[in-house]
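Enquirer: how would this look folded up:
(2 chains)
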2 protein chains.
Amino acid sequence: MIDNSYTIESIGVIRSELASLENAPRQGDEGAPDAWLELTAAVAQGLVGIKVGDELIVLTWLHRAQRDVLQVHPRGNLAAPLTGVFATRSPDRPNPIGLHQVTVLELAGQRLRVAQMEAIDGTPIVDIKPVLAPPDQR
Amino acid sequence: MIDNSYTIESIGVIRSELASLENAPRQGDEGAPDAWLELTAAVAQGLVGIKVGDELIVLTWLHRAQRDVLQVHPRGNLAAPLTGVFATRSPDRPNPIGLHQVTVLELAGQRLRVAQMEAIDGTPIVDIKPVLAPPDQR
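Expert: A predicted model of the protein is given here:
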């Protein structure tokens, strides 16, 4: 139904030494390398206020994921029972949006270098948000 | 460019007593009510494994947001300097995906009741993920 679909436009791309899914860790804190977020010129104004040391949540489009999968063996462990994708962090899911919590290491115009990014080179970026501070510090 | 856009299909909808943006808190932990997540039958298998008490991240499509806004006064405070939307949690941004951390209160078939959801009634749901456990508990 036309009412139930929405178009995402990528705002940039991940530049990483991780070239293939086979070599990518499952999560950033499982040994992922630093990476660059390369934003498009069209959205560069949206970065104003981001500082080195900030904790960000990067949303990506996991372009290599399978969208018709609803159940998986968590973490690829065939001994684990089939589980609904919404109860897992599997990249395979109807709308394969990745969430990645990272720390900003360097700012260079419309590029940000971040620590511990498990997404592979070429992964589209769709949004960036700060990690929420406690309610009394917002 | 055709290569840089992706289609999201909603997987369900928020059912909440919050009918208008004017009455909605900015974040779930700022006084938001409980709400129902109503998933479509097509994705119901993806819920298997979710339990009462689980902490989930719900991703929504903030259908009332403005997508051509790149800078805002944070939290609507006109005394605060204009800031890039990627340094804020403003719903207005190029791809208005909402992130909401909630606790599961009740499961009823393809419906989940959750605590502290600030999205208004009718907001499309696009994904659900568990909050990540520490690395040694995954």
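
Enquirer: Now do the longest strand along chain A: which elements does it pack against?
Expert: Determined from DSSP state E, the single longest strand within chain A is strand A:97-108. Contacts defined by 3 or more CB pairs under 8 Å, 6 or more residues apart in numbering or on different chains; DSSP states H and E place strand A:97-108 against strand A:55-61, strand A:111-115, strand B:124-130. C-beta: built from backbone N, CA, C; applies to glycine.

Enquirer: what about the residue nearest to residue A:59 when sequence neighbours are not counted, neighbour count?
Expert: Nearest residue to residue A:59, sequence neighbours excluded (CB to CB, 6 or more residues apart in numbering or on different chains): residue A:127, at 4.0 Å. Neighbour count for residue A:127, taken as other CB atoms under 10 Å in any protein chain shown: 25.

Enquirer: Just the buried positions in the longest strand of chain A, please.
Expert: In terms of neighbour count (16 or more other CB atoms under 10 Å in any protein chain shown), strand A:97-108 has its buried residues at A:97, A:98, A:99, A:100, A:101, A:102, A:103, A:104.

Enquirer: In its sheet, which strands sit next to it, and in what direction?
Expert: strand A:55-61 (antiparallel), strand A:111-115 (antiparallel) (DSSP bridges).

Enquirer: want to throw those strands into CSV with mean pLDDT and mean neighbour count?
Expert: Shown next, in CSV, are those (pLDDT from 0 to 100; neighbours: other CB atoms under 10 Å in any protein chain shown):
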stretch, mean pLDDT, mean neighbour count
strand A:55-61, 97, 21
strand A:111-115, 97, 20
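
Enquirer: For the ones you listed, give me JSON lines that also has distance to residue A:85.
Expert: Converted to JSON lines, the strands paired with strand A:97-108 look like this (distance: least, CB to CB, whole Å):
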{"stretch": "strand A:55-61", "distance to residue A:85": "16"}
{"stretch": "strand A:111-115", "distance to residue A:85": "26"}
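
Enquirer: From residue A:18, how far out is the nearest residue to residue A:19 once chain neighbours are set aside?
Expert: Leaving out its chain neighbours, the residue that sits closest to residue A:19 by CB to CB, 6+ apart is residue A:121, at 5.5 Å. To residue A:18, residue A:121 is 6 Å away according to CB to CB, to the nearest Å.

Enquirer: neighbour count winner among the two?
Expert: More crowded of residue A:121 and residue A:18, by other CB under 10 Å: residue A:18, with 20 against 15.

Enquirer: who's in contact with residue A:52?
Expert: By CB atoms under 8 Å, 6 or more residues apart in numbering or on different chains, the contact set of residue A:52 is A:104, A:105, A:106, A:107.

Enquirer: ok, now how distant is residue A:53 from residue A:104?
Expert: For residue A:53 relative to residue A:104 (CB to CB), the value is 6 Å.
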